[in-house]
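Chemist: For reference, the sequence and a predicted model appear below.
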Amino acid sequence: MFYRSATEDHAQRLRRARPVIAMACVAFAIGAIVGADHSSSSARALAESFVGAWTRGDYASMYSDIDASSQQATSLAEFSEVYRKALTTATATSMRVTGKARDAPGGLLAVPVRVRTRLFGTLALSFTMKTVGGGGEGTRIAWSTSLAFPGLRPGERLSRHTALPRRATLLARDGSVLAESPEAGPGDTQPAGLDRSSPLGELATAVLGTVGPVPAARRGELEAEGVPPTATVGVSGLERALDGELRGTPGGELLAGQRVLASVATHQARAVRTSISPAVQRAAVTALGGQLGGIVAMQPSTGQVLAVAGIGLDSLQPPGSTFKMVTVTGVLGARIANPRSVFPYATYATLDGVKLNNANGEECGGTLELAFAVSCNSVFAPLGVKLGAARLVATAERFGFNQPPGIAGAAESTLPPASQIQGELDLGSTAIGQGKVLASALQMATVAATIGEDGHRPAPTFTPAASPARAPAEISAAVARTVRHLMIGVVRFGTGTSAAIPGVTVAGKTGTAELKTACTPSAPSSSTGESGTGEPGAAGCQSANEPSNTDAWFAAFAPALHPRIVVGVLLVKDGAGGDTAAPVAREVLEAGLHSSH
């Protein structure tokens, strides 16, 4: 019998086990590799998802992907603000992922992106981040503020240093200088400067407006455009309306900590030609004199503003009977009356049991044409009631009420929605430009211009155009022509005869807006100026006959059939529109008709 030694048995078992051990090692290695690949794949997918959500502004999804300790230290609101602030700093307008996540030194992942900015062009950068967790669903982004923007390294924050170039020169429509800044001197850090000068001196002040520090209301908007917080910008008038064109392009650096991510040079804007006529501007300022008020002159066919004096753009007052241009447009359009319709003569109209008186208790009535010419409240307040709040408000809005006027910094003229005009007295007062109606001289000039242009409402602008497209029709040409005919009567034989120009047909409408309640102590009545109204039953109310209690208005265009200039005039606390505002308007109309620019 043959016997094997123990040593031989052990060797033989070892030889048999080797293939099994080898196979087990291979299986373990394969498992480890597969597990590592799975973990790496999860991390890459997470990084790509995180950056993709950033390009969409989906900060809630991004927040859900960061590690728990970061979520405990930073709220979702704070997290979102970090990203919004970074995009504003970079002046970013759009972002997109440009490739897959890839390995980066130090066990990090990098996701390439392109960021388009207003100021620094298109930036090709990468988000570099670290993931933590056990793989799969447990993987998270190890977040810090260095992930606020691509291209940042650990510990870096995004910032920028920018400056504006010298502010551009403003030109009149004839090419002459309206305003300019001094040349930058050595060491100047803000060449835009506060000391703008004009060859017209004080005559140009009202239309030019002012420059100054960035207003709080515009800080976010301008920061997103790259304007430094210490910059000088347009605050009012032309400087505000054309601020974007005058500022030029900021220049400076986008910084990651101390490193420069991108830089751009300042670019000064070219001189900006405006629609302002020096001759009409001079006439408007001279006619206004030292009176508190506003004047706006426009070219009706284009909406180009020819002149601005005083508070013509930015102050709102009750427009009084100039608003009857709106009311009569609605009445004619609804066929409630026509120029030959006859109304009883009266000294007042009774609305909701309250007597709403004519100016100075005068008796008026007759045809609609005559009632419009003499601005008869006892006719127009009841007509407003018949028209109804919905149609009255809709008509006003077709003339531009309750809408931005189209010139930056100009005030929006308003009246309440129809649902808030309650009762006959409220509606009748609104129809004669009282109640809660508020308008600027610019708005009433626009109303007149719309009528003069056969119902086409021009968009006010300071920019001259070579051949501007005609504005869309807001009211029918037939109605507009009828209102124009009524406005010619105002100047020929009504309340606006002081605006008449020899040899020229002028169309206009006066307004005398009451500022304080005025009533009689003995009975529930509402005593008015030319188009004023008050509340019933209060003894000792100020009389509407007091000039200091009324704003004077006048809106007109000439020549009436083919208008070349339209003017809106507001004189605060200066009596009746026909007495004081109409002569002022005549001076400006004449200057516009005689001017070659």
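Modeler: Received, thanks.
Chemist: Now do stretch 437-453, average pLDDT.
Modeler: Here stretch 437-453 scores 98 as its mean pLDDT.
Chemist: spatially speaking, which residue is in the middle of the chain?
Modeler: Nearest to the mean C-alpha position of the chain, by CA atoms, centre = their mean, lies Ala408 at 5.7 Å.
Chemist: residue contacts, the closest residue in space to Ala287 that isn't next to it in sequence?
Modeler: Leaving aside its chain neighbours, Ala287 sits nearest to Glu587 (4.1 Å; criterion: CB to CB, 6 or more residues apart in numbering). Every C-beta, even on glycine, is put in place using the N, C-alpha and C of the backbone. For Glu587, the contact set (CB atoms under 8 Å, 6 or more residues apart in numbering) comprises 283, 286-287.
Chemist: Mind checking which of these are buried?
Modeler: 283, 287 (16 or more other CB atoms under 10 Å).
Chemist: any idea how far Ala581 lies from Gly489?
Modeler: In this view, Ala581 and Gly489 are 18 Å apart by CB to CB, to the nearest Å.
Chemist: quick one on the thing from earlier: just say helix, strand or coil for the residue nearest to Ala287.
Modeler: With DSSP: H, G, I helix; E, B strand; the rest coil as the basis, the three-state label of Glu587 is helix.
Chemist: so how far is Val447 from it?
Modeler: 21 Å.
Chemist: Now do the contacts for Ser70.
Modeler: With CB under 8 Å, 6+ apart, Ser70 has these contacts: 142-144.
Chemist: Weed out the non-buried ones from those residues.
Modeler: 143-144.
Chemist: TSV please, covering the contacts of Ser70 and showing distance to Ala556 and pLDDT.
Modeler: Below are the contacts of Ser70 laid out as TSV (distance: CB to CB, whole Å; pLDDT from 0 to 100):
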residue	distance to Ala556	pLDDT
Ala142	72	94
Trp143	66	95
Ser144	67	94
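Chemist: Which of the contacts of Ser70 lies at the shortest distance from Gln443?
Modeler: Closest to Gln443 out of these is Trp143 (52.5 Å), distances taken as CB to CB.
Chemist: Give me the below-cutoff pLDDT ranges for the stretch 51-200 of the chain.
Modeler: Residues of the stretch 51-200 of the chain that meet the criterion pLDDT under 70 lie in 134-136, 184-194.
Chemist: where exactly do the strands run in it?
Modeler: Assigned by DSSP state E, counting those that start in this stretch, the strands in the stretch 51-200 of the chain fall at 92-97, 102-104, 108-117, 122-132, 140-142, 158-163, 170-171, 177-179.
Chemist: Ok, the stretch 351-500 of the chain next?
Modeler: According to DSSP E, counting those that start in this stretch, the strands that the stretch 351-500 of the chain contains are 354-357, 364-367.
Chemist: any idea how far Thr322 is from the residue nearest to Val82 when sequence neighbours are not counted?
Modeler: For Val82, ignoring the flanking residues on the chain, the nearest one in space by CB to CB, 6+ apart is Ala148 at 4.9 Å. Ala148 is 55 Å from Thr322, where distance means CB to CB.
Chemist: what do you get for Glu225?
Modeler: Between Glu225 and Thr322 the computed distance is 38 Å (CB to CB).
Chemist: quick one, which of the two is more surrounded?
Modeler: Thr322 (35 against 16; other CB atoms under 10 Å).
Chemist: ok, the more buried one to Ser413 distance?
Modeler: From Thr322 to Ser413 the distance is 11 Å (CB to CB).
Chemist: So for those two, which residues contact both of them?
Modeler: Common contact partners of Thr322 and Ser413 (CB under 8 Å, 6+ apart): Ala439.
Chemist: Could you report the neighbour count for the residue nearest to Gly155 when sequence neighbours are not counted?
Modeler: Closest residue to Gly155 apart from its sequence neighbours, by CB to CB, 6+ apart: Ser146 at 6.4 Å. Neighbourhood size, Ser146 [other CB under 10 Å]: 19.
Chemist: Can you list the low-confidence ranges for the stretch 351-500 of the chain?
Modeler: In the stretch 351-500 of the chain (pLDDT under 70), the answer is 466-468.
Chemist: what about the helices in it?
Modeler: 368-373, 377-387, 389-398, 423-431, 441-452, 477-493 (DSSP state H, counting those that start in this stretch).
Chemist: Repeat that for the stretch 151-300 of the chain.
Modeler: Under DSSP H, counting those that start in this stretch, the stretch 151-300 of the chain gives helices at 202-208, 219-224, 237-241, 243-247, 278-288.
Chemist: what sits up against the first one?
Modeler: Translated: helix 202-208. With contact meaning CB under 8 Å, 6+ apart, helix 202-208 is reached by 170, 178-179, 196, 198, 237-239, 276, 281-282, 284-286, 307-310, 312.
Chemist: Adding distance to Val51, write the strands of the stretch 51-200 of the chain out as TSV.
Modeler: TSV is the format used below for the strands of the stretch 51-200 of the chain (distance: least, CB to CB, whole Å):
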stretch	distance to Val51
strand 92-97	6
strand 102-104	12
strand 108-117	4
strand 122-132	5
strand 140-142	10
strand 158-163	16
strand 170-171	45
strand 177-179	47
